[in-house]
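> need coordinates for the following:
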Amino acid sequence: MTELIRPVARRCVADTASVYGLLDAITLIQPHARRVDAEEFQALKRPVAEDQTATLTGDDGSGRVV
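As a prediction, this is how the structure comes out:
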């Protein structure tokens, strides 16, 4: 049974760390990038490539990159 639980627990920890990393990236840029901070609405995306790298991008909801 533990061989089934360990992979699930590892995935949960990895997902949680990933979420905190994403929140850090979002909140750290706000005070330093006026154009980003000035946007009332921000749609953020972080697609992950096959090599496990990711790039955080954002737009104003109308497709204009911020």
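> so where do the strands sit in this structure?
Under the criterion DSSP state E, the chain carries strands at the ranges 43-45, 57-59.
> and the last one, what does it pack onto?
Yep, that's strand 57-59 we're talking about. Packing partners of strand 57-59 (3 or more Cβ pairs under 8 Å, 6 or more residues apart in numbering; DSSP states H and E): strand 43-45. Where you see a C-beta, it was placed from the backbone N, CA and C, and this is true even at glycine.
> spatially nearest residue to the residue nearest the centre of the chain (excluding sequence neighbours)?
Centroid check for the chain by Cα atoms, centre = their mean gives residue 22 as the closest residue, at 3.3 Å. Using Cβ to Cβ, 6 or more residues apart in numbering and skipping the chain neighbours, the partner closest in space to residue 22 is residue 46 (6.2 Å).
> distance of that neighbour from residue 8?
Distance, residue 46 to residue 8, using Cβ to Cβ, to the nearest Å: 23 Å.
> between these two, tell me which one has more neighbours.
residue 46 (14 against 9; other Cβ atoms under 10 Å).
> give me the neighbour count for residue 58.
18.
> same deal with residue 42?
There are 14 residues near residue 42, going by other Cβ under 10 Å.
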